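>>> quick one, fold the following:
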Amino acid sequence: MIHCKLDWIKSKPIAHRGLHGNEIPENSVAAFENALTHNLPIELDVQLTSDKKIIVFHDDSFLRLTGVDKYVNLSSWDSIKEYRINHTSQTIPLLSDVLDLVNGKVPLLIETKNFYRPNALEENLVDLLKSYRGEFAVQSFNPLAVRWLKNNAPEIMRGQISARFREMPVPLHYKYILRNLTLNFTAKPHFINYNIDDLPYLPVELYRNHGLPILSWTVQTKAQLLKARELCDNFVFEKLSPEDIVK
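Numbers count the residues shown, from 1 in each chain. Got it, this is the predicted structure:
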């Protein structure tokens, strides 16, 4: 039985895509090991390959991080497992390997990168997490995925990620729905993770006033850090050292 408590989501800053920087690339085993060394919770991204393997990778294409111009959902695990991230020795990990590495040492904040209707990614993820004994939560920009979790795995802590999408190429009606969290009534997230640059924002304040934990993404500067501490219960960070985020 999967069981996750809400306590940790507010207790300690969360390393965005692991603790990366310099020669340590994002969403890599090295970034996760670095976060473990500093006892920091880890945020990571997951998506599905063409042969239904769950990999830890952010972009829908491999181009930015590996130089290979192929899409994740059209590539098999065998074809990508030797890709090097940012010209380092680090390769793209399977989520199962990351779970073995972390093994409950720190909590995990897992973001599903599926902007369509819930599918094998969500199903396979829940199956994989059934045997994991560490603390974790699953979050998504996609309210349909958050609702799917509520209906199919209600014991998993789930979060809604959002922003005001001012500069993003999102259709106007989707912007309204997502920025104002209007589908929360049906998805019922346990927490909200909102863009730090779009705060303060009244709908988010109202949820916090009603006791829903508010996280912010992605804190990268000292000014954003001060803002997150004032307006949020916790935050996801990068480009700051563990020493920077100590209160």
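>>> does Trp8 touch Gly134 like I think?
No. Counting by Cβ atoms under 8 Å, Trp8 sits too far from Gly134 to count as a contact (10.2 Å). Quick note: C-beta positions are derived from backbone N, CA and C, even for glycine.
>>> between the two, who's got more neighbours?
Shown here are Trp8 and Gly134; by other Cβ atoms under 10 Å, Trp8 has more neighbours (19 against 14).
>>> that one should be in a helix, yeah?
Yes. Assessed by DSSP: H, G, I helix; E, B strand; the rest coil, Trp8 belongs to a helix.
>>> picking up where we left off before, which residues do Trp8 and Gly134 both contact?
Applying Cβ atoms under 8 Å, 6 or more residues apart in numbering, one finds that Trp8 and Gly134 are jointly contacted by Pro107.
>>> now for the host helix or strand of Ile192, which elements pack on it?
Using DSSP states H and E, the element containing Ile192 is strand 191-195. Helices and strands touching strand 191-195, by 3 or more Cβ pairs under 8 Å, 6 or more residues apart in numbering; DSSP states H and E, are strand 136-140, strand 158-162, helix 202-209, strand 214-219.
>>> so what strands line up beside it?
Partner strands and pairing direction for strand 191-195 (DSSP bridges) are strand 158-162 (parallel), strand 214-219 (parallel).
>>> now it against helix 202-209, angle please.
Interaxial angle of strand 191-195 relative to helix 202-209 (axes from the mean of the first three to the mean of the last three Cα atoms, to 10 degrees): 150 degrees.
>>> contacts for strand 191-195?
Against strand 191-195 from outside (Cβ under 8 Å, 6+ apart): 6, 9, 137, 139, 157, 159-164, 181, 184, 201, 204, 207, 212-217, 232, 236.
>>> am I right that Gly21 is in contact with Lys239?
Yes. In this structure, Gly21 is within contact of Lys239 by Cβ under 8 Å, at 6.7 Å.
>>> centre-most residue in the protein?
Central residue of the chain (Cα atoms, centre = their mean): Glu111, 3.3 Å from the mean position.
>>> got the contact list for it?
Going by Cβ under 8 Å, 6+ apart, Glu111 touches Glu43, Leu44, Asp45, Val46, Val138, Gln139, Ser140, Ile161.
>>> what's the following helix or strand after the helix or strand in which it is found?
Using DSSP H and E, Glu111 sits in strand 108-112. Going down the chain from strand 108-112, the next helix or strand is helix 120-129, by DSSP H and E.
>>> helices of this structure, start to end?
Taking DSSP state H as the test, the helices found in the chain are 29-37, 63-66, 77-80, 95-102, 120-129, 143-152, 172-179, 184-187, 202-209, 222-231.
>>> centre of the chain versus the helix or strand of the chain with the lowest mean pLDDT, how much separation?
None of the helices or strands of the chain scores lower by mean pLDDT, DSSP states H and E than helix 172-179, at a mean of 84. Mean C-alpha position of helix 172-179 versus that of the full chain (Cα atoms, centre = their mean, to the nearest Å) differs by 20 Å.
>>> would you convert the helices and strands packed on strand 191-195 into TSV that also reports mean neighbour count?
Formatted as TSV, the helices and strands packed on strand 191-195 follow (neighbours: other Cβ atoms under 10 Å):
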stretch	mean neighbour count
strand 136-140	25
strand 158-162	24
helix 202-209	14
strand 214-219	24
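>>> in the protein, where is pLDDT below threshold?
Within the chain, the segments meeting pLDDT under 70 span 1-5, 168, 170, 247.
>>> quick one: strands adjacent to the strand holding Glu111?
Checking strand 108-112 against DSSP bridges gives partners strand 42-48 (parallel), strand 136-140 (parallel).
>>> no further queries at this time; thank you.
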